[in-house]
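Peer 1: Below is the structure, and that's it, no one-letter string:
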């Protein structure tokens, strides 16, 4: 099974996701996913309760909602990777991230609870990509949200999507320099 998930070709994912894939350093998505766990957990757990519920502008998500969005997207991208790796030939649907956010129940949850959910989800993602998808299946091409995608690209998208939102949290919510 996969121990190295090499960088995908640009033809393996929709152009929209290029901004995520290119943010990931190194040449192995599994290493990137593993290295992110403690960093993202520490970042979100460092927030005060006030910071965790803060919105930097009207209509923007709170940090709690951002982490729940990261979790949901990781689940969606991992599900797509699993389906495609298993030979699914039916197109997989897109999803409305804003509609999902309306049902997060973030206000009634602690940051610790959300971080725990994140860590458990990441363990599942790591197991899927390292133990359950064969090296050859990483290159299977399927369709998700009307675009081609491979399981290999999905792993890189998960890692890059998280980096994208961590950057937003640091700069727009915490005022840290780029």
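Peer 2: Cool, got the structure. As the structure is a computational prediction, the values presented were derived from the model and not from experiment.
Peer 1: what's the distance between residue 70 and residue 43?
Peer 2: Using C-beta to C-beta, to the nearest Å, we find residue 70 at a distance of 11 Å from residue 43. Heads up, the C-betas are built off the backbone N, CA and C, glycines and all.
Peer 1: That should have said residue 144, apologies.
Peer 2: Where residue 43 is concerned, residue 144 sits at a distance of 28 Å (C-beta to C-beta).
Peer 1: just to revisit the earlier point, between residue 70 and residue 43, who's got more neighbours?
Peer 2: residue 70 (24 against 17; other C-beta atoms under 10 Å).
Peer 1: The more buried one contacts residue 118, correct?
Peer 2: Yes - using C-beta atoms under 8 Å, residue 70 is in contact with residue 118, at 7.0 Å.
Peer 1: Need the overlap of contacts for the two.
Peer 2: residue 40 (C-beta atoms under 8 Å, 6 or more residues apart in numbering).
Peer 1: Now do the strands in this protein.
Peer 2: 142-144, 147-149 (DSSP state E).
Peer 1: Among those, show me which one is buried the most.
Peer 2: Most buried of the strands of the chain, by mean neighbour count (mean count of other C-beta atoms under 10 Å): strand 142-144, with a mean of 20.
Peer 1: Now that residue 82 has come up, it's in contact with residue 137, right?
Peer 2: No - with contact defined as C-beta under 8 Å, residue 82 does not count as touching residue 137 (9.6 Å).
Peer 1: what residues do these two have in common as contacts?
Peer 2: With C-beta under 8 Å, 6+ apart as the test, residue 82 and residue 137 both reach residue 151.
Peer 1: Tell me which other helices or strands the top helix by length along the chain touches.
Peer 2: Longest helix of the chain, by residue count under DSSP state H: helix 63-85. Applying 3 or more C-beta pairs under 8 Å, 6 or more residues apart in numbering; DSSP states H and E, we find helix 63-85 packed against helix 29-45, helix 49-52, helix 97-101, helix 111-127, strand 142-144, helix 151-168.
Peer 1: Minimum distance to residue 18: which of the ones you listed has it?
Peer 2: helix 151-168 (9.1 Å; C-beta to C-beta).
Peer 1: now the closest one and helix 29-45, what's the angle there?
Peer 2: Interaxial angle of helix 151-168 relative to helix 29-45 (axes from the mean of the first three to the mean of the last three C-alpha atoms, to 10 degrees): 30 degrees.
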